[in-house]
Every structure is written in structure tokens, then in C-alpha cells.
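Colleague: The sequence isn't on hand, but the structure is:
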């Protein structure tokens, strides 16, 4: 894989024209409720080893945008059953299985590039015959590598070959049994036991390999959902009660202001009325005093 500066990669034409595809197909990424690969691997007896990095492919010779840098080409290219884990920044994003080896599985994931939102060299759209699962995973990883420079890895557990003898038309025949579905489901269930959920980019595991403990986990999940719904209703009731309390407080404040305003108006009227009464009393006193003075003057004049 050609090494190049991240900024120069984002300016390459094939990444620029892929924006519509990434917007349409990428899934939101979160590390909530997931687990570190080292912790999970420890719970599984350290059966998984890192086998490859998933990187951007800036080569103009290929239309595809992702590539692999393998740590162990011999194991990567070997056609056998594998359980693999896709890891982002040390956090598990997906657990899967394959019977075609890791190189074959990556070739299948690579088909996720060819969504209808991308164009062929002649300008026409791809027909969109790819697996939806492959499309989601491919576009999600590409978008994340372009935007965050996160580190994506493949971890692998090569599954031991299991040969069994069966009777075919009366002849004992040795065949190689396909077992990765059972291993894959058990690994996903192991993840669920630890975290309460399956990995973010996973599909559900095969129900044939779920055990009673995992059924209890489903009951726990149902209980969590019921608790979550009860919590949601309680929050809604609390929000409604708070709204009503605020409305009641607002109405009480409005009434208090109206009553205060009315009391102030009455006080002003009473004050005005009292002032008027006092003025009238003063006027009457002045009139009486005036009359008294006039009478006294007249009496004085007569005596003179």
C-alpha cells in the first residue's frame, strides 16, 4: 500500500466523488457498551491475534478506496475457516466468521464499494448488486478513516479443521464439517454476556447456538427495556408536572400583580379623596376665618 499524507489523501478525486455514497451508507459509530479487544480476547483464552490493518488506498490504478496491510500473509491467504473481529482504536466493532479464509472475506467486503451512488469509469452508476452488509461496513470504515484517522484492524482465530465420517449410499465417507457458524455465534454471545449487547456492526448470532444463560440475557434485556420505558414515562410525567407548576406559578404571579395593581389604584383613589376632603376642610376654615375677620372689622368701625 502506498503511504501518503492524510490531507493529500482526502484531496484525491476518488475519495471526493465518494462522498454521496458515504453519506448514504455509513452507520454512526459509538464505543458505548463495547469492549477492548485485549479484554475480550483474554476472556476467550487469547485465541485471537491481529492479522491486518484496514487502510485507505490512494492508488489511482484502482477505483476502490480501502486496502489491507497484513501482518501474516500466510495465514491471511490460507483458505480455511476463521472467526474474525474488526476493531476500531482497540474497540470491537464487529465479530464475524468465514469459510473462505480472510483474503476471501475481504474480497467480499470489498464489493461494498460498488454501491449505486458510485460511478464506473464510463460515468454510469454501478447496479447495486452488492451485499447491504458489505456496503454499510465498507462505506462506514472509509468515512471514518477519512474524517478521524482512526485505526481499523482485523483480528483472527483460524478454526481447526474438523473431519467427520458419514454414510453416503452405504459407503463411509470422510468430509470436512463447516463449523464457523457455531464458533461465530458463541463468540457473539460471549460478547453479549459481557456487554449486554452485540457488537455495533454485527448481525444477530445463530439462535441454534444460544444457551440458557443467553436466554436469561434476553430476559434481562426485556427488563431493561421495560425499565427504560418506565423511566421515560416518569421523565415525561415529571416534565408535565414541572410545566403545570410553572403555569400555576405564572398565573399566581399574574393574579398577584393584578391584585397589587388594583390595591395601588384604590390606595391612590383613597389618597386623592382624602386630599380633596382636607382641602375642602381647609377652605371651610379659611372662609370661616374670613367671615370672623370681617365681622370684627365692622364692629371696630362702628365703635369708632
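Modeller: Happy to help now that I have it. Just so we're clear, the structure is a prediction, and the values are computed from it rather than from any experiment.
Colleague: any low-confidence regions in the stretch 201-304 of the chain?
Modeller: Along the stretch 201-304 of the chain, the model assigns pLDDT under 70 to residues 203-224, 304.
Colleague: so residue 63, which of the three states?
Modeller: Following DSSP: H, G, I helix; E, B strand; the rest coil, the label given to residue 63 is coil.
Colleague: Could you pull out the strands in the stretch 151-300 of the chain for me?
Modeller: According to DSSP state E, counting those that start in this stretch, the stretch 151-300 of the chain carries its strands in the segments 152-158, 162-168, 171-177.
Colleague: how far is the second one from where the chain is centred?
Modeller: So the one you mean is strand 162-168. 48 Å (C-alpha atoms, centre = their mean, to the nearest Å).
Colleague: Paired strands for that strand, with orientation please.
Modeller: Strand pairing for strand 162-168, using DSSP bridges, gives strand 171-177 (antiparallel).
Colleague: Now do the strand it pairs with, average pLDDT.
Modeller: Mean per-residue pLDDT for strand 171-177: 91.
Colleague: Mind listing what's buried along it?
Modeller: Within strand 171-177, no residue is scored as buried using 16 or more other C-beta atoms under 10 Å. In short, each C-beta sits where N, CA and C put it, glycine included.
Colleague: Tabulate the strands of the stretch 151-300 of the chain in TSV, adding columns for distance to residue 40.
Modeller: Output for those, formatted as TSV (distance: least, C-beta to C-beta, whole Å):
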stretch	distance to residue 40
strand 152-158	9
strand 162-168	24
strand 171-177	26
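Colleague: For residue 257, find the nearest of these.
Modeller: Nearest to residue 257, of all those, is strand 152-158, at 63.4 Å by C-beta to C-beta.
Colleague: Around residue 293, count how many other residues there are.
Modeller: By other C-beta atoms under 10 Å, the residues close to residue 293 number 10.
Colleague: quick revisit: of all the strands of the stretch 151-300 of the chain, which lies closest to residue 26?
Modeller: strand 152-158 (13.4 Å).
Colleague: For that closest one, name the packing helices and strands.
Modeller: helix 37-43, strand 49-56, strand 82-88, helix 101-110, helix 132-148 (3 or more C-beta pairs under 8 Å, 6 or more residues apart in numbering; DSSP states H and E).
Colleague: Pick the most buried one from these.
Modeller: Most buried of these by mean neighbour count (mean count of other C-beta atoms under 10 Å) is strand 82-88; its value is a mean of 24.
Colleague: so what does that strand touch, helix or strand wise?
Modeller: The helices and strands touching strand 82-88, judged by 3+ C-beta pairs under 8 Å, 6+ apart, are helix 37-43, strand 91-98, helix 101-110, strand 152-158, helix 180-195.
Colleague: possible to save these as CSV with mean pLDDT?
Modeller: Putting the helices and strands packed on strand 82-88 into CSV (pLDDT from 0 to 100) gives the following:
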stretch, mean pLDDT
helix 37-43, 96
strand 91-98, 96
helix 101-110, 95
strand 152-158, 97
helix 180-195, 93
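Colleague: Which of the ones you listed sits closest to residue 285?
Modeller: Closest among the helices and strands packed on strand 82-88, once you apply C-beta to C-beta, is helix 180-195, at 96.4 Å.
Colleague: Report the buried residues of the closest one.
Modeller: 180, 182-192.
Colleague: quick revisit: which one, of the strands of the stretch 151-300 of the chain, ends up nearest to residue 299?
Modeller: The closest of these to residue 299 is strand 152-158. By C-beta to C-beta, the value is 123.8 Å.
Colleague: count of neighbours near the nearest residue to residue 85 once chain neighbours are set aside?
Modeller: With sequence-adjacent residues excluded and distances taken as C-beta to C-beta, 6 or more residues apart in numbering, residue 85 is closest to residue 155, at 4.3 Å. If you count neighbours by other C-beta under 10 Å, residue 155 ends up with 20.
Colleague: re the thing from before, who wins for proximity to residue 22 among the strands of the stretch 151-300 of the chain?
Modeller: The nearest among the strands of the stretch 151-300 of the chain, by C-beta to C-beta, is strand 152-158 at 14.8 Å.
Colleague: Partner strands of the closest one, with direction?
Modeller: When DSSP bridges is applied, strand 152-158 pairs with strand 49-56 (antiparallel), strand 82-88 (antiparallel).
Colleague: now the angle from it to strand 91-98?
Modeller: 40 degrees (axes from the mean of the first three to the mean of the last three C-alpha atoms, to 10 degrees).
Colleague: Identify the residues contacting strand 152-158?
Modeller: Contacts of strand 152-158 with the rest of the structure, by C-beta atoms under 8 Å, 6 or more residues apart in numbering, involve 37, 41, 44, 47-55, 68, 75, 78, 80-88, 102, 106, 141, 144-145, 183.
Colleague: Many thanks, we can stop here.
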